[in-house]
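# Build me a model from this:
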Amino acid sequence: MKTVFLTIDVEEWFHLEYLTKYNLNKDSVETVPKIFNFLDMLDRLNIKATFFVLAEIAYKYADIIRDIRSRGHEIGCHGLDHELLHEKSDEQFEEEVIKARLILNEVLGEDVVKGYRASCFSMDRNKLDILKRCGYIFDSSYIKFVQHPLYGHLDLSKYNKVDDLIYEKDGFYEFEIPTIDIGKFNLPISGGGYLRLFPYLLIKILLQLYSRKHDNFLLYIHPFELTNIRLPFPEKLPFKDKFRASVGRRHNLKKLEKLLLKLIKEGAEFKTIGEAIETSNTMEEKDELYFSNRV
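Residues are numbered from 1 along each chain as shown. Got it, this is the predicted structure:
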């Protein structure tokens, strides 16, 4: 693997789409403050990551977000709230992404938020164009997994594929969520519930298959998946939803560290998404300078 992008969607456990229909005790347990073991692990491994923060919790966890930034990580936007984008009008979306970015920059005390990830990857082309118009320079919501009913169907026509998982149009970049072809289906292998559900040996095999065709990899994770703190599920929560939210959490941080150490051992370079864009732009400038000097 050439380059790995580690990304974290900073939200609370009750933002999970399949839990929002239930009456939840949202104030009794907080998982975002449990993220420090994970942050310390990244410090030990010298890995910088991209954190997409939900703006509606930014003031509540302002000290944590500033600490993440002070450790050298990149802060992006995960929206104003966690509602699916196809439930919002383009006008509402534009107002919210402007407001969300202002909130995050205010919390950080500097204008650094340049990237976005949609809730449940529910991005579409109109809203992607709005992001660019609102001053964002990248998004990471594209996933080739049409079998999932919540994920968006993002049209990237006229975008150029400039690197594995990376697309560009007029200075705006889209970073793809990795999947692997299994028969007629694309199987997500890069994080979230899939990382918790699959045993490490299976993840290792799938990653080996993936690396035969790809140079880059992107991982995504959520704070509630990095702690085994008990979540206050309602008594009548169906087994299916309880399983989806609970499976694999107990040992997930150790599994993730094992995976990261494997990638490091194999020579992968970890970058924030912003660093990859800066590298791409620098290479383009060098190419332009080289060819101009030959004319």
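
# Mind listing residues that contact stretch 206-222?
1-11, 140, 163-166, 175-178, 180, 187, 189-192, 195, 198, 256, 259, 263, 268 (Cβ atoms under 8 Å, 6 or more residues apart in numbering). No exception for glycine: its C-beta is placed from N, CA and C like everyone else's.

# Mind listing what's buried along it?
The neighbour-count check on stretch 206-222 (16 or more other Cβ atoms under 10 Å) flags 206, 207, 210, 211, 216, 217, 218, 219, 220, 221, 222 as buried.

# one step back: mind listing which of the contacts of stretch 206-222 are in strands?
Cross-referencing the contacts of stretch 206-222 against strands under DSSP state E gives 3-10, 140, 163, 166, 175-177, 180, 187.

# returning to that earlier point: can you say which of the contacts of stretch 206-222 are buried?
Judged by 16+ other Cβ under 10 Å, buried ones among the contacts of stretch 206-222: 1, 3-11, 140, 163-166, 175-178, 180, 187, 189-192, 195, 198, 256, 259, 263, 268.

# Now do the strands in the stretch 151-295 of the chain.
Counting by DSSP state E, counting those that start in this stretch, the stretch 151-295 of the chain has strands at residues 160-163, 166-169, 172-177, 179-182, 185-188, 216-221, 269-270.

# closest to residue 241 out of those?
Nearest to residue 241 among the strands of the stretch 151-295 of the chain is strand 185-188; the distance by Cβ to Cβ comes to 18.8 Å.

# other SSEs contacting that closest one?
If contacts are counted by 3 or more Cβ pairs under 8 Å, 6 or more residues apart in numbering; DSSP states H and E, strand 185-188 sits against strand 179-182.

# Kindly export the strand it packs on (C-alpha atoms) in CSV.
Coordinates of each C-alpha in strand 179-182 appear next as CSV, following Å, rounded to 0.1, in the frame of the first residue of the first chain:
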residue,chain,number,x,y,z
THR,A,179,-14.6,-1.3,-1.6
ILE,A,180,-13.5,-4.6,-3.0
ASP,A,181,-15.2,-6.5,-5.9
ILE,A,182,-16.7,-9.8,-4.7
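
# what packs against that strand?
Using 3+ Cβ pairs under 8 Å, 6+ apart: strand 179-182 touches strand 185-188, helix 200-211.

# As JSON lines, the ones you listed with mean pLDDT and distance to residue 22 would be great.
Below are the helices and strands packed on strand 179-182 laid out as JSON lines (pLDDT from 0 to 100; distance: least, Cβ to Cβ, whole Å):
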{"stretch": "strand 185-188", "mean pLDDT": "79", "distance to residue 22": "25"}
{"stretch": "helix 200-211", "mean pLDDT": "93", "distance to residue 22": "30"}
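
# Quick one: these as JSON lines, columns for distance to residue 117 too.
JSON lines is the format used below for the helices and strands packed on strand 179-182 (distance: least, Cβ to Cβ, whole Å):
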{"stretch": "strand 185-188", "distance to residue 117": "15"}
{"stretch": "helix 200-211", "distance to residue 117": "21"}
